[in-house]
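>>> Sequence and predicted structure below; questions after.
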Amino acid sequence: MRRTVVFALLAVCVAVSGGSASAAAEHAIALTASGPQPSTLTVRWGDSAVFTNTTSAPVTLLIPRLSVTEEIAAGATFTRVFDVRAGAYPIRQRIVNKATVGTITVDASGTITLKATPATVVFGKPVALAGTSSFGDTPVDIETRIQGVSSTWQKVTTVSPGADGSFTAALSIERGLSVSVSTAGQQLRSASVALTVVPVLKASIAPRRVTTGTFLKITGSIRPLNSLSSVLVERYDADRKRWTRFRTVSIPRSGRIAVSARATKGANRFRLFVPRGAVRPGFAAPAPKGLSAVGT
């Protein structure tokens, strides 16, 4: 069953896919008069070991790496979930003055992959995520880091996959990020995916019909703030049949710009264009925004 989660964030995005899932299992270990049976056992991360005292006397079970010391009465059981770091965990069994040993090895290998659609998203639109973890319904952490700013992954949220390990999520972001997913106590991580945000550029011109020689007012706005450093206002030269630079406008803190231009007779065509050097990290340049007015 596929689980879906939707949430909005100031600066985040993610996804996953692939692999066959397996559910956590229980493994039986008998604490016998001659020692633990089996004496060596390999479990998957998240599996449980059920220790049963099959003797007629109390048994002390020790797992030093986990600081476990458990007194188990004759015929009783003790269960321990091994959601710990991968590796070997020696166990010790004591009956009166006799001590025997064994080893439980935790395996955290598996697959988890990452996919996000689209990888370049317009500001205010969600990124669709989907994925599958080979650890079944074990929770998956969605983590992000800011491109070119931080090398540390920060957990944004945790999603619960279905029994087959699949899940989906929808994220809203305000700037570009690198995204990764992890499971098994962050021991299994996907490759990172870079997400980029396209700012929303709006523009208008007034009046749409104007007396030749008077002024037109061009206004525009940028969202999110601090995504662009400047905008180039270009005017179309009908004689030369090409766009020419009219004015470069720095984006103020408000994100709003205003420019005046003297109207000529006939079509007055302008556009707001964002040069590559004006785009801040984590963002992509929006498409040029065309405007027109008629001079009479």
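Here it is on my side, so go on.
>>> Average pLDDT for stretch 125-145, rounded please.
Stretch 125-145 shows a mean pLDDT of 90.
>>> list the buried ones in that stretch?
Using 16 or more other CB atoms under 10 Å as the test for burial, stretch 125-145 gives 126-127, 129-138, 140-145. C-beta here means a position set from N, CA and C on the backbone, and glycine is covered the same way.
>>> cool, stretch 276-295 as well?
Ala278, Val279, Gly282, Phe283, Ala284, Ala285, Pro286, Lys289, Leu291, Ala293, Gly295.
>>> nearest to Glu26, of these?
Of all the buried residues of stretch 276-295, Gly282 has the smallest distance to Glu26: 45.9 Å, by CB to CB.
>>> measure the closest one to Gln147 for me?
According to CB to CB, to the nearest Å, Gly282 stands 5 Å off from Gln147.
>>> which residues are in contact with both of the two?
Common neighbours of Gly282 and Gln147, counting by CB atoms under 8 Å, 6 or more residues apart in numbering, are Gly176, Leu177.
>>> State the pLDDT value of Val16.
At Val16, the pLDDT value in this model is 33.
>>> again with Ala170
Here the pLDDT value assigned to Ala170 is 85.
>>> what about it, which helix or strand?
Using DSSP states H and E, Ala170 maps to strand 166-172.
>>> Name the residues of that strand that are buried.
Applying a neighbour-count criterion of 16+ other CB under 10 Å, the buried positions in strand 166-172 are Ser166, Phe167, Thr168, Ala169, Leu171, Ser172.
>>> Equivalent analysis for stretch 190-206, please.
Quick answer for stretch 190-206 (16+ other CB under 10 Å): Ser190, Ser192, Val193, Leu195, Thr196, Val197, Val198, Pro199, Val200, Leu201, Ala203, Ile205.
>>> Would you mind measuring from the third one to Ser67?
Taken as CB to CB, the spacing of Val193 relative to Ser67 amounts to 38 Å.
>>> circling back: packing partners for the strand holding Ala170?
Judged by 3 or more CB pairs under 8 Å, 6 or more residues apart in numbering; DSSP states H and E, the packing partners of strand 166-172 are strand 3-8, strand 126-132, strand 140-146.
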